[in-house]
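Visitor: Predicted model follows, preceded by the sequence.
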Amino acid sequence: MTPTPERAHGILSKRSGPARSRAHNQPAAEDRIWNKVEPQPRQRASFKWIEPSVLRDFVAEHTDAHRLCTTDDGWVERFGSDVLISVKTEAARERLMTELHLWALAANFKISRVFLRHLPKQNAEREAPRLILGDANTPLQSVVTERFLRYAIDFAAGYSVGLFLDQRENRRALRQMTPATLLNCFSYTCSFSVAAGSVGTRTVNIDLSKKSLARGRENFGLNGLPTENHRFVADDVMEVLPRLARKGERFDAIILDPPTFSRARKGRAFQVEQDFETLLLATLEVAERNARILLSTNCSSLDERALEVMGRFCLKATRRAGSFRSQPPPVDFPPETGARTIWLTLR
Ligand SMILES: C[S@@+](CC[C@H](N)C(=O)[O-])C[C@H]1O[C@@H](n2cnc3c(N)ncnc32)[C@H](O)[C@@H]1O
């Protein structure tokens, strides 16, 4: 009997602790596309500010957007000379502000502005960051650099400012794969596509938000990349995938980084725990024979192991074969504090 997506999901939807292990034992032939950084030992997330040597490494590789600190009740990110503090509590806000100043003094880091945002329990309570220190007349839009690529940041655009820092190593891995074509589902500001576009990849970007896609075009422009070879589709991924499949379109690399929950224009809800397998099954219809697919989620009840088991289930259901491999977490993210991600390579 062909298993249904529901059956695999039922087994898998609970987070089951750190599960990076198996994915690191992969064929040496693939090693060149993966970051060689060894996985860090498990450590408490509390009060972890990056070391001066890490900051120096970021400077050396032309990256000025990264985490500065991760704690149990908040985190601090750098976007160029601006800093964004995200907190769950007032106590965390006060402590992180104090520590930030001490860290900046010790690291000889000049802060232009500090923004603050609260980490709400519900998506509906999300608010744009607000300026708490620095010149209120400076534009809220800026540009940051990640490994020589430029990305626009907008502190007024909403809860998220334009670049997800925890995907840095996956953007690098994608760039090193040099796929001919990329399908970037839930593309937001198209950062994955800019990374791939910089090595000549043709991309298709799908996002419900026209504004995010417009920001994506802007990111291409910031890097001097013409958008002729790139398509921007403002629509529901779940509707676009079958259309692409019917047209016979196939892609060498595919990014699946959906939100935990969203509602499309026609009212259709996407709930990652319920819908990820359906999404992956539809994605496999547009995947080239040796395609690489990034499975990624921020949903706290799904870990890498859950993503892998869902992936294996979908391979079985479609009679395809593949292997799974995870990236070590970015050096500025303590384990299990960023998105859970795993790469599936089809065979
Ligand atoms: C987590 S963000 C993706 C981040 C992106 N992968 C990156 O690294 O920058 C989720 C995005 O999915 C979009 N979105 C949500 N539901 C969608 C749907 N059903 N179809 C297409 N886009 C959707 C949102 O507008 C948002 O831009």
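Guide: Received it, and whenever you're ready, just let me know what you need.
Visitor: What strands line up against the longest strand that the chain contains, and which way round?
Guide: In the chain, assigned by DSSP state E, the strand with the most residues is strand 287-297. When pairing is defined by DSSP bridges, strand 287-297 lines up against strand 251-256 (parallel), strand 340-346 (antiparallel).
Visitor: Let me have these in a markdown table, adding distance to the ligand as columns.
Guide: (Each C-beta comes from the backbone N, C-alpha and C, glycine too.) Putting the strands paired with strand 287-297 into a markdown table (distance: least, Cβ to the nearest ligand atom, whole Å) gives the following:
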| stretch | distance to the ligand |
| --- | --- |
| strand 251-256 | 6 |
| strand 340-346 | 10 |
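Visitor: quick one, which of those is packed in tightest?
Guide: Comparing the strands paired with strand 287-297 by mean neighbour count (mean count of other Cβ atoms under 10 Å), strand 251-256 comes out on top with a mean of 25.
Visitor: quick one: contacts of that strand?
Guide: Under the contact criterion Cβ atoms under 8 Å, 6 or more residues apart in numbering, strand 251-256 has outside partners 174, 177, 179-187, 192, 196, 201, 204, 276, 279-280, 283, 286-288, 290-296.
Visitor: For the closest residue to the ligand within the stretch 1-150 of the chain, the count of nearby residues, please.
Guide: With Cβ to the nearest ligand atom as the measure, Asn123 is the residue of the stretch 1-150 of the chain nearest to the ligand, at 11.0 Å. Look at Asn123: counted by other Cβ atoms under 10 Å, it has 11 neighbours.
Visitor: now swap in the one 5 residues further on and tell me
Guide: Burial measure for Ala128: 15 neighbouring residues, criterion other Cβ under 10 Å.
Visitor: Please export the C-alpha coordinates of stretch 103-120 as CSV.
Guide: C-alpha atoms of stretch 103-120 as CSV (Å, rounded to 0.1, in the frame of the first residue of the first chain):
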residue,chain,number,x,y,z
TRP,A,103,30.7,44.0,24.2
ALA,A,104,31.0,46.9,21.8
LEU,A,105,33.6,48.6,24.0
ALA,A,106,35.6,45.4,24.3
ALA,A,107,35.4,44.6,20.5
ASN,A,108,36.0,48.2,19.5
PHE,A,109,32.7,48.1,17.5
LYS,A,110,31.0,51.4,16.7
ILE,A,111,27.2,51.1,16.9
SER,A,112,25.1,53.7,14.9
ARG,A,113,21.7,52.7,16.1
VAL,A,114,19.9,50.2,18.2
PHE,A,115,16.5,48.8,17.3
LEU,A,116,14.3,46.7,19.6
ARG,A,117,11.5,44.2,18.8
HIS,A,118,9.5,42.0,21.1
LEU,A,119,9.3,38.3,20.3
PRO,A,120,5.5,37.6,20.6
